[in-house]
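**Student:** Here is a sequence with its predicted model. Questions after.
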Amino acid sequence: MRKELFVKNRKDFCEHMEDLSFAVFFSGEAPHKSTDQYYPYVANRNFYYLTGLPRPNYILVLGKNGTSTFEYLFIEEATDFSEKWLGHRLSKEEAANISGFDMKTIFFLDHFEFFIGNGILSDSRKNMTKVPHNLYLDLYRTQVRVKPVSLLKMDFILANYPEINVQNANPILDLQRMIKAVDEISEIDNAIKYTQAGLEAVWKQAHAGMNERELDALYEYASKAAGSNGVSFNTIAASGANATTLHYEENNCIINDGDLVLMDLGCLSGPYASDITRTFPISGQFSDRQKALYSLVLEVNKQCIAFVKPNIMMADLNAYARKLLAEGAKKLGVIENENDIDSVYYHSVSHYLGLDVHDVGTYQLPLKPGIVLTIEPGIYVAKERIGIRIEDNVLVTETGSRNLSQNIIKEVADIEKIMSH
Ligand SMILES: [Mn+2]
C-alpha cells in the first residue's frame, strides 16, 4: 500500500470532523490467552486505515482548528528487552515511511499523556486547538454492556475534562471505508488469488473418506504457500447435511461418497480479506438432483452479479435474489409455494468486504462505484442432505459491476474437470 493513501485518508477524516476537535485512535493489542500466550494481534481497522501501521499499542492523534489540521503519532520505543523477546520495533523513520507522517510529529508512547494535557487541552496560549470542544473516538461496541476500548483508555481525560463532548468517529470512517481506493482493490484481488490457489489444491486432492478438516488444512496450506498471510475467518468445510448450518465450523466429519461439500473461506493479503464460497461433489461428479439445485444457485449468483450497479439499494438486490431463488426452488419441488423460501434460504445475499470480512458501511444508501461486496445466494435442503452456496466478490463500477473472483471456477463442467483426478 502506498503511503499517499493513508495521508489522504487522514486528510479526508479531518475534513469531516467538526471544527475545534481532536481525535484519538488506538491500534489495539492482542487479547490474553494463557500465562504468557496471546491470541494473534489484529490491528484496529480504523487505525490501520489511517496509518498503514498494523502495530500494537500505537496511538494516533488528529486535530482541527479552523482551516488548519494537525496529526501526531505515538509509537513503541525499541528496548533491549523488546528486541530480544518480541522482535523488531519500528523506528520513527520506518513508521514515517509507511504512514506518510512527518518524522517531527512522531513521539514515543510515554509522551502521550503529557502531550494531550499540555499540547491540546492546556488553556495556555500554547494549545493547538484553542479550546477543543469535541473528542472523536472509535466507539465500536460489540455488546450493549461493553465499554468501547477507546473510552476506557481515555477515562483519564473524560473524568477530568467533562466539558469535552465525545463524538463517534465511526460514522465518518464507515462512509470513507465503503469506497475502496485502487490500492485497496488490488489487495483484495491478491487475497482472491490466494483463495483460488487454496481451492484448486482442495479440488485436486479431495476424495470421499477424507475428514472435513483435511480440506480445511489443505486450503490453509496452499493459500499461505501462494502468498497469503492467513485466513480471513475460520474456514467452513461442511459436507452433506452439515452444509445446511450456515456457520458450521467444527470441520470434523468424514465426507461420505456422494455428498456435496460446501467450503466458505477467505484469505488475507495484508489486512484485506476475500470471502468466497464454492460447493462441489466429493466424488467429482454431481448427481442429477445435485446438478439441478446447483444450477439454480449458480444462475441466481450470475443474475445478481449482473444486477449490481450504482444507485441500486441493497434491499433491492436482496429482494431480487430471494424472488429468483423462490421461483427456482418451487420449480424443483423444494418448496410448495414461493413464500416458503425462508425455510431453505435464510440469509442475505450480500455484505460489504474490505478490511473486514463483513466490512463497515451503511446499507441504507444506494450503491456507489468503489464498493466491494459479496454475492452469495444459497439453498439449504436438510432433508436431502444438501447445502449449496456460491459466493463471489464483486466491485461496483461506474457502469455496473466487475466480478473480482471470476477466475475461480464455478461451472459444473469446470468443477467436474478439475476434480477428475
Ligand atoms: Mn460472505
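**Tutor:** Sure, I can see it. Bear in mind the structure is a predicted one, so any value in this text is a computation, not a measurement.

**Student:** Domains of the protein: list them as residue ranges, please.
**Tutor:** Domain segmentation of the chain under automatic domain parsing yields 3-177, 179-418.

**Student:** Comparing the ones you listed, which comes out most buried?
**Tutor:** Highest mean neighbour count of the domains of the chain: domain 179-418, a mean of 19 (counted as mean count of other CB atoms under 10 Å). Using the backbone N, CA and C atoms, a C-beta is placed for each residue, glycine as well.

**Student:** gap between the two ends of that one?
**Tutor:** Length of domain 179-418, first residue to last, CA to CA, to the nearest Å: 36 Å.

**Student:** roughly how far out does it sit from the chain middle?
**Tutor:** Distance of domain 179-418 from its chain centroid, counting by CA atoms, centre = their mean, to the nearest Å, is 15 Å.

**Student:** Let me know whether that domain sits next to the ion.
**Tutor:** Yes. Domain 179-418 is in contact with the ion by CB under 5 Å from the ion, via 275, 374.

**Student:** shaky segments in the protein?
**Tutor:** Within the chain, the stretches with pLDDT under 70 are 124-129, 131.

**Student:** Show me what L260 is bridged to.
**Tutor:** P281 (DSSP bridges).

**Student:** show me the contacts for it.
**Tutor:** By CB atoms under 8 Å, 6 or more residues apart in numbering, the residues touching L260 are 239-240, 243, 279-282, 286, 290, 294, 386-388.

**Student:** if you look at those residues, which of them are in helices?
**Tutor:** 290, 294 (DSSP state H).

**Student:** Including distance to G28, could the contacts of L260 go into a markdown table?
**Tutor:** Output for the contacts of L260, formatted as a markdown table (distance: CB to CB, whole Å):
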| residue | distance to G28 |
| --- | --- |
| S239 | 36 |
| G240 | 39 |
| A243 | 34 |
| T279 | 36 |
| F280 | 38 |
| P281 | 42 |
| I282 | 40 |
| F286 | 45 |
| Q290 | 44 |
| Y294 | 41 |
| I386 | 41 |
| G387 | 35 |
| I388 | 37 |
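
**Student:** how close does the residue nearest to I276 when sequence neighbours are not counted sit to L353?
**Tutor:** Among residues not flanking I276 along the chain, T195 sits closest, at 5.0 Å (CB to CB, 6 or more residues apart in numbering). Distance, T195 to L353, by CB to CB, to the nearest Å: 12 Å.

**Student:** do E336 as well
**Tutor:** Applying CB to CB to E336 and L353 gives a distance of 35 Å.

**Student:** now swap in L298 and tell me
**Tutor:** L298 sits 20 Å away from L353, taking CB to CB as the criterion.

**Student:** Kindly report the same for Y194.
**Tutor:** 15 Å.

**Student:** of all of the stretch 301-421 of the chain, which residue lies closest to the ion?
**Tutor:** T374 (4.4 Å; CB to the ion).

**Student:** residues contacting that residue?
**Tutor:** By CB under 8 Å, 6+ apart, the neighbours of T374 are 275, 350-351, 353, 391-394.

**Student:** Take those and keep only those in strands.
**Tutor:** 392-394 (DSSP state E).

**Student:** which one among the residues you listed gets closest to D414?
**Tutor:** Of all those, the one with the least separation from D414 (CB to CB) is D392, at 14.3 Å.

**Student:** Leaving aside the residues adjacent along the chain, what's closest to the closest one?
**Tutor:** S405 (4.5 Å).

**Student:** Check the stretch 1-150 of the chain for the residue nearest the ion and tell me.
**Tutor:** R45 (17.0 Å).

**Student:** Tell me the backbone dihedrals of the closest residue to the ion within the stretch 201-350 of the chain, please.
**Tutor:** In the stretch 201-350 of the chain, the residue that lies nearest the ion is D275 (4.2 Å; CB to the ion). Note on D275: backbone dihedrals following degrees, to the nearest 10 are phi -150, psi 100.

**Student:** so S269 makes contact with A226?
**Tutor:** No. Between S269 and A226 there is no contact under CB atoms under 8 Å: 10.2 Å.

**Student:** on that earlier part again, next, show the common contact partners of T195 and L353.
**Tutor:** S274.

**Student:** correct me, but the residue of the stretch 201-350 of the chain closest to the ion touches V357?
**Tutor:** Yes. Using CB under 8 Å, D275 makes contact with V357 at a distance of 5.2 Å.

**Student:** Give the residues shared as contacts by these two.
**Tutor:** With CB under 8 Å, 6+ apart as the test, D275 and V357 both reach 232-233, 266.

**Student:** What are the boundaries of the strands in the stretch 251-400 of the chain?
**Tutor:** For the stretch 251-400 of the chain, strands defined by DSSP state E, counting those that start in this stretch occupy the ranges 260-265, 268-269, 272-273, 276-281, 372-375, 378-381, 386-389, 392-396.

**Student:** closest to D414 out of those?
**Tutor:** Comparing the strands of the stretch 251-400 of the chain by CB to CB, strand 276-281 comes nearest, at 10.3 Å.

**Student:** who touches the closest one?
**Tutor:** 192, 195, 199, 203, 206, 243, 258-266, 287, 290, 294, 297, 376, 378, 387-393, 405, 408, 410, 415-416, 419.

**Student:** Spit out the contact partners of G52.
**Tutor:** 1, 3, 5-6, 98-100.

**Student:** Ok, Q303 next?
**Tutor:** 320, 324.

**Student:** and E94, that's in a strand?
**Tutor:** No. E94 is assigned helix when assessed by DSSP: H, G, I helix; E, B strand; the rest coil, not a strand.

**Student:** Against L139, how distant is it?
**Tutor:** E94 is 30 Å from L139, by CB to CB.

**Student:** for H247, same thing?
**Tutor:** Computed with CB to CB, the distance linking H247 and L139 is 27 Å.

**Student:** Which residue does the stretch 51-200 of the chain have closest to the ion?
**Tutor:** T195 (12.0 Å).
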